[in-house]
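> Sequence first, predicted model second:
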Amino acid sequence: MVDVVKNEILAYRSVKQLLGENYNLLNRQRQQQQRLSHERHKAQKQNAPNSFGESELGQYIDRLLADAIIAIAKTYQADSIVIPKLRDMREQISSEIQSRAEKKCPGYKEAQQKYAKEYRISIHRWSYGRLIESIKSQAAKVGISTEIGTQPIKGSPQEKAGNLAVFAYQERQAA
């Protein structure tokens, strides 16, 4: 939650804070995705049918996250919710993952590659499009507008979120 006029962050919530007591569902979904991915891989190696469907747990978690985000927006009487553009997100995440791997394992290329691969797998399993649609539909129900903004590449998650809101506000004022 950002006050763009004063350019200050009012509130920041992590996924764990947003989900609260339901955070264990996220871990369960990740384990389920990993298990299904492994089952698909085994089936592919045996040239067997591999139509392992996923449960609706991911969609439920997205709705819980959207509800929590909308509740915070209502608490602070927000005019709009700014959602980052997904267009360049993959490249940004890839470069961020690579820099994290280099910091975690300096000078050890194999460890960097292994860390980056595991991190990439966990990041790309999340359905950002589904989450964004859930946020948009929940916001529309309560009359809060949604905007799409360009997320900056550098900074902490809090700084990126704050700058995203400020940039979107500036673009709205310029238009």
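Yes, it's here.

> what's near enough to touch residue 116?
In this structure, residue 116 makes contact with 97, 98, 100, 101, judged by CB atoms under 8 Å, 6 or more residues apart in numbering. For the C-beta atoms, the positions are set from N, CA and C on the backbone; glycine is no exception.

> From these, list the buried ones, please.
Applying 16 or more other CB atoms under 10 Å to the contacts of residue 116, the neighbour count classes 97, 98, 101 as buried.

> so what's the second one up against?
What it means is residue 98. 112, 116.

> Also residue 20?
Counting by CB under 8 Å, 6+ apart, residue 20 touches residue 68.

> ok, now how distant is it from residue 78?
Here residue 20 is placed at a distance of 20 Å from residue 78 (CB to CB, to the nearest Å).

> before we move on, what about residue 166?
Using CB to CB, one obtains 14 Å as the distance from residue 166 to residue 78.

> This protein: strands as residue ranges?
Taking DSSP state E, the strands of the chain run over residues 2-3, 8-9, 80-84, 145-149.

> Out of these, which gets nearest to residue 34?
Distance to residue 34, taken as CB to CB, is lowest for strand 80-84 among these, at 25.9 Å.

> in stretch 146-163, what counts as buried?
Neighbour-count burial for stretch 146-163 flags 149, 151, 152, 160, 161, 162, 163 (criterion: 16+ other CB under 10 Å).

> from the residues you listed, which is closest to residue 10?
Checking the buried residues of stretch 146-163 against residue 10 with CB to CB, the nearest one is residue 162 at 9.7 Å.

> which regions of this structure lie under the pLDDT threshold?
Applying pLDDT under 70 to the predicted model, the residue ranges of the chain that meet it are 50-54, 86-90, 92, 120-126.

> Do a quick rundown of the helices in it.
Chain-ordered helices for the chain, with DSSP state H as the definition, fall at 15-19, 23-45, 57-75, 89-104, 109-124, 128-142, 157-174.

> And these: which comes nearest residue 4?
If you check each of the helices of the chain against residue 4 by CB to CB, helix 157-174 wins as the nearest, at 4.0 Å.

> next one: that closest one to chain centre, how far?
Taking the mean of its C-alpha atoms, helix 157-174 sits 17 Å from the chain's own mean (CA atoms, centre = their mean, to the nearest Å).
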